[in-house]
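S.K.: below is the sequence, then the predicted model.
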Amino acid sequence: ESSAACEVCEGAEEMTEPLKQCTAWLHAYFCEPARTASLPVPAFHHPLLRRDSFTRQVLWTLLRDVKFGEAVSYKQLADLAGNSRAARAVGGAMRSNPIPIIIPCHRVICSSGQTGNYGGGNLMKEWLLSHEKLQKEKLA
């Protein structure tokens, strides 16, 4: 656990509303995780999240259904997204995720329990999973 205080960068008053929402959400995620459930999810304008595709379906399903401190296998997420045989495609969707942490692709693990890959590196994925587990235990 880090002893560093959570801070928002200077110039926050000059940010656009969507950027303020992202900043507030990320601040809550790292410093006050219980608040993330009550905060609005920032508006996403990335083209990948706007077109109709299996990747979009997987990412929105992950965001909606896999809560803080939980993990899901690639196969389980494929089932949740409506295609039980698409576990490999779920891996592709995770690699395409334009907003990691907010769309929590680090919560998707292998059926064996191994963490699997992560664009930010496996140590980062393990840290994020540990952060969520620790914070969830504190709230229990």
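M.R.: Ah, there it is.
S.K.: from now on I want contacts and neighbour counts done on CA atoms only, so please keep to that.
M.R.: Fine.
S.K.: give me the domain ranges for the chain.
M.R.: Domain assignment for the chain, taken from the TED database, gives 16-44, 46-132.
S.K.: how far does stretch 41-61 sit from its chain's centre?
M.R.: Centre-to-centre, stretch 41-61 and its host chain are 13 Å apart (C-alpha atoms, centre = their mean, to the nearest Å).
S.K.: picking up where we left off before, which of the domains of the chain comes out lowest on mean pLDDT?
M.R.: If those are sorted by mean pLDDT, domain 16-44 sits at the bottom with a mean of 85.
S.K.: quick one: end-to-end distance for it.
M.R.: This stretch, domain 16-44, spans 13 Å end to end (C-alpha to C-alpha, to the nearest Å).
S.K.: for residue 139, which of the domains of the chain is the nearest?
M.R.: domain 16-44 (7.7 Å; C-alpha to C-alpha).
S.K.: quick one, what contacts the residue nearest in space to the middle of the chain?
M.R.: For the chain, the residue sitting closest to the mean C-alpha position, by C-alpha atoms, centre = their mean, is residue 104 at 1.4 Å. Taking C-alpha atoms under 8 Å, 6 or more residues apart in numbering, we find residue 104 in contact with 62, 63.
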